[in-house]
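Visitor: Structure for the following, please:
(chains A and B)
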Amino acid sequence: MAYKSYLWHYRAQAASPPGSAPLRLVVRCIPAVIVGSLWLLLLSVAPARAAVTEPLETEQHEDIGPNGVGSGHLLMREDASGRYIPAVIHSSKVHFDINGMIAIVQVEQTFRNDTDRYLEGVYVFPLPGSAAVRALEMELGDRRIIGVIKERAQAKKIYQAAKMAGKKASLVEQQRPNLFTNRVANIGPGEEVTVRLEYVQAVSYEADVFSLRFPMTITPRYMPGSPPEVAVQSPEQQGEELEIQEPASPVETLSVNNALGWATPTDRVPDADEISPFLYPAMGSDHAPLNPIEITAEVDMGMPLARIESLYHDIALSRSAGVYSFDLVNGVSEMDRDFVLKWQPVSGRAPQAALFTEKFGDEYYALLMVVPPTAKRMPASMPRELIFVVDTSGSMGGVSIEQARSSVSRALEQLRPQDYFNIIEFNSSYTALYREPMPANTHFTQKAQEFVRMLSASGGTEMLPALRQALSHSGDEEEARRLRQVIFITDGAVGNETELLEELEANLGDSRLFTVGIGSAPNSWFMRKAAEFGRGTHTHIGDINEVENSMAALFEQLARSAAVDFRIDWSAPVDAWPQRMPDLYQGQVLSAVANFGTAMPNGDVIVSGLVNGQAWTQKLQLTDSTQLENAGTHDGVASVWARRKIAGLMDQKMAGRAETEVRAEVLPLALAHQLLSPYTSFVAVEEVMSRPTGGPIATSPVPNTRPKGQSPQHFAYPATATSGPAKIWFGTFSLFLAMVVRVLSMQEADHVPSDEE
Amino acid sequence: MFRQMRNNTVVNSLGSKMRKKWSNGLILCLLSVGIQQFGGAAIIQAKAQLAPILIEVAWMETLQLHGQVVKPWPWADTWPVGRLQVPELDVDLFILEGDSGNALAFGPGRALPSAQLGGSGTAVVGGHRDTHFAFLKELRKGHRLQVQVPSGERREYQVDEVRVVDSSRELLSVDTEDNVLVLVTCYPFDALQAGGSLRYVVKALPGERDLMSKLSSAGVWEL
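Guide: Got it, this is the predicted structure:
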C-alpha cells in the first residue's frame, strides 16, 4: 500500500539529524507516539479504499417499486414516466344534490382498459356508512343498462354467468356498511365502462352546522386473528368454480370470489381479502391524480346560508335564487382524503325542528329532526374520570399520530384538577400510563404530557384488549361514584368491527365512549357506531388545525350532562327507528324515521325527554305538513327509513339476535326498497356478448390511492454506518501529511547550508 | 521519490525561513485536524462502548418493573427494549427503541415502523456496522440468537438467511403475520464512506423449525 512505504521513508528520515526551528523540538517529542498510533490505525483501516468523507448518515428515500401492489399479477405496467399503472384505470365523478336534510348522491365510476386483452376490474371503494344505495346503472357507450337488486348469492351467480358468457356485467356488493366492491366483467381492449350508483343519506346537523362527508379511499385495515387452520371450501364455493380456466394465470380465475385483497382471511376477519384493496405504491397528488375525481354539488336548503365550505378541497361556489352550486377549482382531485362539506344557516334561521315526508308505493314515510334545549354544565363537584385510549398502530403513521398526540395533549390541558385520568396507548399490545386513574394535578398531567410526546406509530391494531382495559374498572366505591368517560382516539383501521361493537354492547357498563376519528381517510362508520353503542359522541379530526376547535367542542360535550329518556309519540302506530332513542350531548339533535303505513295520521307528534333532570316536550303538527301541496314528495325519505331500519336490525344481530331471524327481516325490506345491504347486491348485465366465446379474461384490481399524509407502509432501511472509519482515515491522512511536510521542511533545512556553501 | 522532490526544490536563503514558518504552520494545522478527527472517532467508539453500562442498569430496572420504559439517562430519547445475545459469538447487546442516528450511537435500535420485539410481525433492528453490529459478518445460517423482551421472556431465533441488498432499489418489506427478526447493518463492513446504499441483512426465524413453513411470501406489509 502506497502510504505504508511513505511512512517507512519517513521513519528513516526522522532519525536523521534535525533542522533548527524551535517547534522542531516539540515535533520531535511526538514522533514515537504518532508513529506507533499511526501504525495501529493504519492496520485498523488497512482495507480502506480511498474515498472522500461524505455527510454522515443520509436517510434513504426510495421510490417504491411495483412489487408492493399485487405481486404475482401481470397487471401492473409502467408508463413512460416510470409510474406503475394498473391494467384497469379508474376515474370517478360525484354529484351531491342536497335538499333540506336529505342528500341524493350520484357516484359515477369509469373503468378503462388500455390493454389488448379482456379484463375484469375489481374496485373496492368506500361510501358513507349511512348511505342507502338504491340504484345502479351501467353505461356502455350510448347504451344504458339498469341494474337490479337481487339476493346476494343469486346476484353473484347472475354476474358470474354473464362473465363466463362474455357479456359485460357489473356487480356491486356491500362488504361493510361503508365499504363496497364493484366488479365489472369483460371490459374489452381499449373500452370504457361507466357504472353509476345513486345513494341517499340524511345530512348530519350538529350545533347549527350541517355537514356531509364523502370518503374516497380506504386506510389499510389491520386484520387481527390467525389464518384459519384448514381452508375448507364450502360446497357453494366449489360450485362457483366453474370458471373458464385461463392458461396464463389459472390460479387467478379459479373463482369469482377471488377478491384480490392484500390480506388473507383470518379466524376473526373471515372476509379480510374482500376489504383489503391494494393501494398505489406511490402517493397521489391533485396535479396528476392516480384516481381522479370530479366533485359537483347543488345545495338547496330553502334558507339563506351564512357560509358553505369544503374542509379539504378548494371549491368554486356560485349561487342563483337561493340554490348554491359548486365544483372543484382544479376540476379534478386525487381520491386520497375524505371530502367534507359544511354549511351553516345565517344566525337566527337555524332550524329547531323539521319533518320531511314521502309517499313511496302506498306508504307514507317521515324523517323527523328536533333540536333539544342546551343542557347546563355539570356542577364542578361532579367527579369525573377520563380515560384516553390512543391508537399508535402503524396505520396511524404520518400526520395521524401527530393529530392524535396533539389531541390528547390539548385534552390534558383542559382537565380540571378534581378530574381523574389515565392514558392507554395500544398497537400490537397496550400500555397504560398509570395502573389506576390519577388525579389531574400538575404533577401527573405533566408526566402524561411527556408520555404523549413520546408516542409514535408502529405495529398492529389490537383494539379489543385495549378497549376491554379501558372499560374495566375496579369496584372501588369512590371510583364507582365518578362519571367514567372513555375518549377513544383512532383511525378505526380494523377489519373486526363487529367483534368490537359486540364487546361494547356487552361490557359498556356505566362508562361512556367518545370516539375521535383521526386522519385523511378514517373508518367513520365504525367510529360513529362505536360512539352510538358507547352512548357517547363522535368527533372528526382530519387536520392538525382542527384539533383545537374539535377538542374544545368535545370537552363542552363532556362537561355537560346528556339529555336522556327521549321518547316520540307519533300519535299512531308506526314502524319507527331507532327503537331506543340515544342520549344527546351538547349540540346533538334528535333524529328519527317512521313508516306510517298507508295513511298519514292526523295529529301531533310529541317529543319528550329529560334535559337537566327536567321534563321537556315539544309538539309538531303532522297535519300542517301534510296539507302542504308538496306533502309526501320529499324524495329519499323512504330510502333513509329503510336504511335506518336495516341498520337497526343489524345492530340487533350484534346484540345477540340470531342471524337467520335478522336476515329474514332485512332481505325483503332491502328488496322492496331496492337497497344494497349485507344480503342484497346490485347486478347489471348486458344483453349482447362482447367477448368472443372461449377467449381469455383476466382479473385486475383497481388500486386505491394512499390516504393523504400517511407515512409509507414499506419503509427504508436504517442508516447504519458511523463516520468513525472516515474520521480515523482522515485523521491518519492529515497526520501523515503533517509528517510529510515536516520531513520536507527538515530536508530543506539540511540542504540550505550546503547550497550556500 | 524523495530524491526527486529534493532535486526539484528551488531553494534560496531568504525563502527558506519563510518556508519554514509556513511549513510549521501547516504541520500544526494538519496535526490539529488529525487530532480532532481521531477525537471524533474516539468519541463515537466511547459512546458505543460506555453507553451499554448505563443501558444495562436501565434494562435491569425495566425487567423488574415488568416492561415499563426506563430511560438509561434522564435526557435520553431512547430506552432499551430488548437484549440480544449470541452465545456462539459471545455477543451481548441491548436493543434500543428507534433506529435514528442518535439511538444507534448507543446501541442497535429497533426500527419504529416495524413490529415489537418478540411480537407477531417482523421486528427490524439496525446497528452500526463498525460498532455494535460488526459481529454480523460472522453470523452464519443456523446460528442461534436469543432475545429477551421487556416482560422478561426470552425468545430464541435462528439465522435463516444472510444477504446483501441495495437499499436504493429495495424497501424492507415485512409482513405482520409471522414472528421474524431482521438485523440490518451497512455493507461493506470496511467501507470508509458512511451513507452507502448497500445493506447487510440477517433474517432470523423463531427457533422452532416448523414455523418456517408457515412463512408466507406475501411481502406486502400493511396495517
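Visitor: hey, let's count contacts and neighbours off CA atoms from now on
Guide: OK.
Visitor: quick one, helices of the stretch 501-650 of chain A?
Guide: Assigned by DSSP state H, counting those that start in this stretch, the stretch 501-650 of chain A shows helices spanning A:524-533, A:547-559, A:622-627, A:637-654.
Visitor: Helices of chain B, start to end?
Guide: B:2-8, B:13-64, B:101-104, B:210-214 (DSSP state H).
Visitor: Just the C-alphas of the shortest one, formatted as CSV.
Guide: Output in CSV follows, covering the C-alpha atoms of helix B:101-104 (Å, rounded to 0.1, in the frame of the first residue of the first chain):
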residue,chain,number,x,y,z
GLY,B,101,-28.8,8.2,14.4
ASN,B,102,-29.0,9.3,18.0
ALA,B,103,-30.2,5.9,19.2
LEU,B,104,-27.8,3.9,17.1
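Visitor: Can you get me a residue count around the residue in chain A that chain B sits nearest to?
Guide: Closest approach between chain A and chain B, counting by Cα to the nearest Cα: A:G731, at 3.9 Å. Other residues near A:G731 come to 26 when the count uses other Cα atoms under 10 Å in any protein chain shown.
Visitor: swap in B:M18?
Guide: B:M18 has 10 neighbours, counted by other Cα under 10 Å.
Visitor: now B:G126
Guide: When counting by other Cα under 10 Å, one arrives at 32 neighbours for B:G126.
Visitor: Identify the residue nearest it in space, chain neighbours excluded?
Guide: Leaving out its chain neighbours, the residue that sits closest to B:G126 by Cα to Cα, 6 or more residues apart in numbering or on different chains is B:V184, at 4.6 Å.
Visitor: Show the contacting residues for that neighbour.
Guide: For B:V184, the contacting residues are A:Y717, A:P718, A:T720, B:V124, B:V125, B:G126, B:G127, B:R199, B:Y200, B:V201, B:V202, by Cα atoms under 8 Å, 6 or more residues apart in numbering or on different chains.
Visitor: Distance check, A:S91 against A:T115.
Guide: According to Cα to Cα, to the nearest Å, A:S91 stands 17 Å off from A:T115.
Visitor: coming back round to it: can I take it that the residue of chain A closest to chain B is in a helix?
Guide: Yes - under DSSP: H, G, I helix; E, B strand; the rest coil, A:G731 sits within a helix.
Visitor: pretty sure it contacts B:V33?
Guide: Yes - taking contacts as Cα atoms under 8 Å, A:G731 lies within contact range of B:V33: 6.7 Å.
Visitor: Distance of A:G597 relative to A:A672?
Guide: Look at A:G597 and A:A672: by Cα to Cα, they are 14 Å apart.
Visitor: Compare these two (neighbour count), which wins?
Guide: More crowded of A:G597 and A:A672, by other Cα under 10 Å: A:G597, with 16 against 12.
Visitor: Report pLDDT for the more buried one.
Guide: Here, the pLDDT recorded for A:G597 equals 84.
Visitor: again with A:L40
Guide: In the predicted model, A:L40 carries a pLDDT score of 60.
Visitor: how about low-confidence regions in chain B?
Guide: Chain B contains residues with pLDDT under 70 at B:1-17, B:112-113, B:119-121, B:167-178, B:195, B:208-223.
Visitor: longest strand anywhere in it?
Guide: strand B:154-166 (DSSP state E).
Visitor: For the spatially closest residue to A:H538 that is not a sequence neighbour, list each beta-bridge partner.
Guide: In space, and not counting its chain neighbours, A:H538 is closest to A:T515: 4.8 Å by Cα to Cα, 6+ apart. Using DSSP bridges, the beta-bridge partners of A:T515 come out as A:F488, A:H538.
Visitor: surely A:T515 meets A:T537?
Guide: Yes - assessed by Cα under 8 Å, A:T515 is found in contact with A:T537 at 6.5 Å.
Visitor: Can you report phi and psi for A:K157?
Guide: Per-residue torsions, A:K157: phi -60, psi -40 (degrees, to the nearest 10).
Visitor: what stretches of the stretch 51-200 of chain A score poorly on pLDDT?
Guide: A:51-86.
Visitor: Let me know the distance separating A:L305 from A:V323.
Guide: Distance from A:L305 to A:V323, by Cα to Cα: 10 Å.
Visitor: Which part of chain B gets nearest to chain A, residue-wise?
Guide: Nearest residue of chain B to chain A, counting by Cα to the nearest Cα: B:G34, 3.9 Å away.
Visitor: Hmm, that residue is touching A:F730, no?
Guide: Yes - counting by Cα under 8 Å, B:G34 touches A:F730, with 7.0 Å between them.
Visitor: Low-confidence ranges, the stretch 601-750 of chain A, go.
Guide: Under the criterion pLDDT under 70, the flagged ranges of the stretch 601-750 of chain A are A:623-632, A:694, A:711-717, A:748-750.
Visitor: redo that, cut-off 80
Guide: A:601-603, A:621-633, A:689-690, A:692-701, A:706, A:709-723, A:745-750 (pLDDT under 80).
Visitor: quick one: A:V172 from B:E56, how far?
Guide: 58 Å.
Visitor: can you check A:V105 too?
Guide: In terms of Cα to Cα, A:V105 sits 61 Å off from B:E56.
Visitor: So which of those two has more stuff around it?
Guide: With neighbours defined as other Cα under 10 Å, A:V105 and B:E56 compare such that A:V105 has more, 21 against 16.
Visitor: so the more buried one is in which element?
Guide: strand A:102-113 (DSSP states H and E).
Visitor: do A:S92 as well
Guide: Here A:S92, judged by DSSP H and E, is contained in strand A:88-99.
Visitor: quick check: angle from that strand to strand A:102-113?
Guide: Interaxial angle, strand A:88-99 versus strand A:102-113 (axes from the mean of the first three to the mean of the last three Cα atoms, to 10 degrees): 170 degrees.
Visitor: Using CSV, write out the CA atom coordinates for strand A:88-99.
Guide: Extracted C-alpha coordinates of strand A:88-99, given in CSV (Å, rounded to 0.1, in the frame of the first residue of the first chain):
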residue,chain,number,x,y,z
VAL,A,88,-57.8,-1.1,-15.5
ILE,A,89,-57.8,2.6,-15.0
HIS,A,90,-60.4,4.2,-12.9
SER,A,91,-61.8,7.7,-12.5
SER,A,92,-64.9,8.9,-10.6
LYS,A,93,-67.4,11.7,-10.6
VAL,A,94,-69.7,12.5,-7.8
HIS,A,95,-72.6,14.9,-7.7
PHE,A,96,-74.4,15.9,-4.5
ASP,A,97,-78.0,17.0,-4.6
ILE,A,98,-78.7,18.4,-1.2
ASN,A,99,-82.3,19.3,-0.4
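Visitor: Show me chain A divided up by domain.
Guide: Following the assignment in automatic domain parsing, chain A carries domains at A:2-53+A:727-756, A:77-343+A:673-701, A:364-374+A:563-669, A:384-559.
Visitor: So what's the residue count around the residue lying closest to A:V332 once chain neighbours are set aside?
Guide: Spatially, and ignoring its direct neighbours in sequence, A:V332 is nearest to A:E294 (4.7 Å; Cα to Cα, 6+ apart). Counted with other Cα under 10 Å, residues neighbouring A:E294 total 19.
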